[in-house]
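> with the sequence up front, the predicted model follows.
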Amino acid sequence: MPLILDKDKREQVEGLDANEAFQEYLCQLKDRFPTNKRITLIHCPTFNFDSFNVEVARNRSYYAYPPTGLQCLKAALSDFDLEIDILDLNYKLLKKICETEDEDYLDLTPMLDEYFNANDVSIIGVSAGVIVSNVFGIKRHPFVQTLNYLTSKGSNLVLAGGIIANNECQNLLRKDLAHFVFDGEAELKLRFFLGQWFDFTGTPCTPGIHFKYENQVLETREERDVVDFKWDVIATYDQVPIESYNEIGCLSPFSRMIGQGRKYGTVQLVRGCRAHCTFCGVTPFMGDQVRHYPVDTVLSEIEFLVKERGVNHIEWLDDDLLVDREIARQLLKELVGRGFGVTWAANNGLIASSLDEELVRLIVKSGCVGFRIGIESGNDQILRQIKKPASTTTLRKASKLLAKFPELFVVGCYIIGFQGERYEQILDTFKFSLEMNLSWSGFSVCQELRDNSVEDEFESDLENENPENYKKITDFVPSKESTDRAINLGKAQYDSIFDLSRDAIPSPEQLNEMWFTFNLFANYIYNKNLRPGGSPSKFIRWVQVIQLGYPCNAVISLFLYLAYLLDGQDINAHGQLEKTQNNLKASGYWVKRFNQYGLDWIMKTPPQDSQGAQRVLQEIQGRCDSMMESV
């Protein structure tokens with residue numbers, strides 16, 4: 001019978017001491033693998049291979065974040081006598097797609113062969129970030145591809161870490177895809193591990209290193225380690241061509257909204273988050289404590305990026321940038337005072353309750369172009385259920401405050417489909433998104449994270465790459481699930497979501513349909529920047545970026561056509577009208593969607609000027625008002 005770990009992953013059953021087993025296992029592996037002092041840390045591609053779209057890649061619309069986590073690991077090992085490489089497969093693959101023709105971009109073997117034929121390393125760490133975690137349900141998942149490649153060679157010690165490795169810990173070890181899996185933040189764990197492997201001194205034991213020993217999955221035991229990051233990452237940019245990442249991808253719509261030519265970088269002030277929302281993986285991964293990087297260190301990194309590498313846009317990676325408002329003010333004032341001239345965004349989001357008028361003015365002055373705020377739900381009962389540190393009252397106050405700063409592009413983030421959430425509660429969220437009246441509403445379908453302590457998912461068939469009982473996890477943005485970016489593709493007709501029973505708990509298919517409807521209504525039909533007094537140019541700057549990732553979406557091209565008319569850009573307007581016509585000709589799916597929501601009549605007699613576009617929008621809004629009368 002396999003070993004079972006309890007929920008806090010400390011108590012080992014069957015009497016085997018995990019720390020002793022760890023040492024014995026290390027000794028066995030040292031006899032198997034030749035050791036030199038060269039280590040490679042691999043950043044796997046971060047997009048879904050099943051829904052890969054080459055046009056989207058060549059539009060530079062896939063995420064191309066620098067491997068910041070691996071840079072932190074390398075920095076944390078800077079006092080060890082080791083040669084550490086960072087191999088960013090995500091960057092290399094996107095660069096290859098943008099610059100070359102290939103019959104099979106998604107086969108990683110040629111790139112891995114090229115690197116490892118030229119580099120003799122003994123230890124390889126593999127990390128995969130926030131992409132859909134169906135590592136055994138997606139054909140040629142990049143994380144599994146890489147691990148399979150390495151373990152089949154049989155000549156290297158293989159370590160795995162990152163969010164996906166944490167979620168799939170048991171399965172990765174039972175399927176012999178890694179020798180060790182590192183839980184959560186790995187700086188101290190990796191220092192301890194390498195200290196044991198190379199007989200370095202002064203590296204205290206840490207918990208959270210998982211391994212399979214005598215057919216049992218075990219974990220090193222110790223008090224939880226808390227990483228108080230004090231290392232300097234500047235030296236780790238020697239293998240990160242940060243000045244060219246913007247040429248092969250993007251960070252977020254914010255980084256593209258200001259222009260593809262803007263070179264970008266990422267920095268972080270805070271690790272962790274004061275909120276412990278039940279749906280979020282930050283606290284399980286980072287721990288309960290919120291920690292600050294030294295402000296001077298952060299400013300030095302920004303100065304290096306600006307002056308040495310030509311970066312002029314910064315993305316904050318923090319999950320809680322404003323947890324200490326005084327430290328945040330100090331940093332923002334320094335950004336202004338030092339005259340870096342950078343723009344910045346916070347795509348991970350700011351906590352609305354931290355905003356006050358003085359701070360928002362400083363945010364604007366320091367170069368911010370926009371940020372997200374986590375709203376999640378418009379139903380106070382759900383907000384309490386998910387332990388969100390907000391209420392609809394405090395969120396309304398934030399909306400009124402942000403309305404004073406129209407230069408900012410603010411995205412409200414909403415989640416539908418929480419466990420047990422009724423349709424009427426989901427409707428509260430939709431109606432609240434309209435009330436908040438922000439620049440954009442980012443809807444997500446609640447994504448269940450796999451429990452890495454689950455033991456029975458693969459007990460029936462450990463050799464099957466896609467067992468029937470393997471729990472599928474979908475993308476939180478349903479449109480990213482398919483290459484053509486369609487929702488519930490293949491249906492003969494689409495039913496109105498407004499006809500559901502109020503107390504119903506929607507099915508996954510119904511949640512996807514709600515995502516489509518809410519996105520259409522909140523972001524296009526009722527978008528404040530397409531209304532009288534709004535800013536069509538602001539809508540255009542954002543949506544033309546979205547279009548790069550959804551080139552065949554007829555709704556996007558239709559509303560860009562109307563927005564360009566409102567903005568007096570007739571030539572661009574008619575270019576979008578032609579795109580809409582072509583998208584409809586090419587796709588019966590979009591024809592059905594236009595018929596479903598009464599958009600088809602617009603194409604019969606398209607408006608030709610700003611006044612005509614405004615009349616069309618008012619007509620669409622009136623029709624949608626009628627659809628929503630029952631809710």
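Cool, the structure landed.

> now do the same contact list for the closest residue in space to Gly202 that isn't next to it in sequence.
Spatial nearest neighbour of Gly202, chain neighbours left out: Gly195 (7.3 Å); criterion: CB to CB, 6 or more residues apart in numbering. (Each C-beta comes from the backbone N, C-alpha and C, glycine too.) Contact analysis of Gly195 by CB atoms under 8 Å, 6 or more residues apart in numbering lists Thr201, Gly202, Thr203.

> and Arg384, that one's in a helix?
Yes: Arg384 sits within a helix when classified using DSSP: H, G, I helix; E, B strand; the rest coil.

> that one: neighbour count?
11 (other CB atoms under 10 Å).

> who does Ala346 bridge with?
Phe371 (DSSP bridges).

> correct me if wrong: it contacts Val369.
No: applying CB atoms under 8 Å, one finds Ala346 not in contact with Val369, separated by 9.9 Å.

> looking at the two, which one has more neighbours?
With neighbours defined as other CB under 10 Å, Ala346 and Val369 compare such that Ala346 has more, 23 against 18.

> which ones are touching the more buried one?
Glu315, Trp316, Asp318, Leu321, Cys368, Phe371, Arg372.

> just to revisit the earlier point, check the residue nearest to Gly202 and give its pLDDT.
On pLDDT, Gly195 comes in at 95.

> same question, Thr201
Listed pLDDT for Thr201 reads 83.

> number of nearby residues for it?
Thr201 - counted by other CB under 10 Å - has 5 other residues nearby.

> just Ala345 next, same as before
26.

> got it, and the one 10 residues further on?
Other residues near Leu355 come to 20 when the count uses other CB under 10 Å.

> and Ser439, by the same measure?
When neighbours are counted by other CB under 10 Å, Ser439 registers 20.

> for it, give me its contacts.
Ser439 sits next to Gly370, Leu408, Phe409, Val410, Val411, Lys528, Asn529, Lys538, Trp542 when contact means CB under 8 Å, 6+ apart.

> packing partners for the helix or strand of the chain with the lowest mean pLDDT?
Least confident helix or strand of the chain, by mean pLDDT, DSSP states H and E, is helix 282-286 with a mean of 84. If you count contacts as 3 or more CB pairs under 8 Å, 6 or more residues apart in numbering; DSSP states H and E, helix 282-286 packs onto helix 163-167.

> Leu401 touches Asp356, doesn't it?
Yes: the pair Leu401 / Asp356 is scored as a contact, 7.5 Å apart, by CB under 8 Å.

> got the contacts of Ser439 as CSV, with distance to Val591 and pLDDT columns?
Listed next are the contacts of Ser439 as CSV, based on distance: CB to CB, whole Å; pLDDT from 0 to 100:
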residue, distance to Val591, pLDDT
Gly370, 34, 97
Leu408, 37, 97
Phe409, 32, 97
Val410, 34, 97
Val411, 30, 97
Lys528, 29, 96
Asn529, 27, 97
Lys538, 30, 97
Trp542, 26, 97
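
> tell me the one among the residues you listed nearest to Ser507.
Nearest to Ser507 among the contacts of Ser439: Val411, at 27.3 Å, using CB to CB.

> the closest one: neighbouring residues, count only.
Val411 sits with 23 neighbouring residues when counted by other CB under 10 Å.

> would you mind listing where this protein has pLDDT under the threshold?
1-15, 130-133, 448-476, 478-485, 489-493, 630-631 (pLDDT under 70).

> break it down into its structural domains.
Annotated domains of the chain cover 18-219, 250-446 [automatic domain parsing].

> give me the distance between the shortest one and the centre of its chain.
Between the mean C-alpha location of domain 250-446 and the chain-wide mean there is a distance of 13 Å, by CA atoms, centre = their mean, to the nearest Å.

> now the terminal residues of it, how far apart.
This stretch, domain 250-446, spans 24 Å end to end (CA to CA, to the nearest Å).

> could I get the contacts of Ser439 as a markdown table with distance to Leu565?
Formatted as a markdown table, the contacts of Ser439 follow (distance: CB to CB, whole Å):
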| residue | distance to Leu565 |
| --- | --- |
| Gly370 | 25 |
| Leu408 | 25 |
| Phe409 | 21 |
| Val410 | 25 |
| Val411 | 25 |
| Lys528 | 17 |
| Asn529 | 14 |
| Lys538 | 15 |
| Trp542 | 17 |
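
> between these, which sits nearest Thr151?
Closest approach to Thr151 among the contacts of Ser439 (CB to CB): Val411, at 40.7 Å.

> make CSV from the contacts of Ser439 and add distance to Leu147 and secondary structure to it.
Shown next, in CSV, are the contacts of Ser439 (distance: CB to CB, whole Å; DSSP: H, G, I helix; E, B strand; the rest coil):
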residue, distance to Leu147, secondary structure
Gly370, 37, strand
Leu408, 42, coil
Phe409, 39, strand
Val410, 40, strand
Val411, 35, strand
Lys528, 47, helix
Asn529, 46, helix
Lys538, 44, helix
Trp542, 38, helix
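
> and the two most separated of the residues you listed?
Gly370 and Lys528 (14.7 Å).

> more neighbours, the two?
Between Gly370 and Lys528, Gly370 has the larger neighbour count (other CB under 10 Å), namely 23 against 18.

> and the more buried one, what does it touch?
Phe254, Met257, Ala345, Leu408, Phe409, Val410, Val411, Ser439 are the contacts of Gly370 under CB under 8 Å, 6+ apart.
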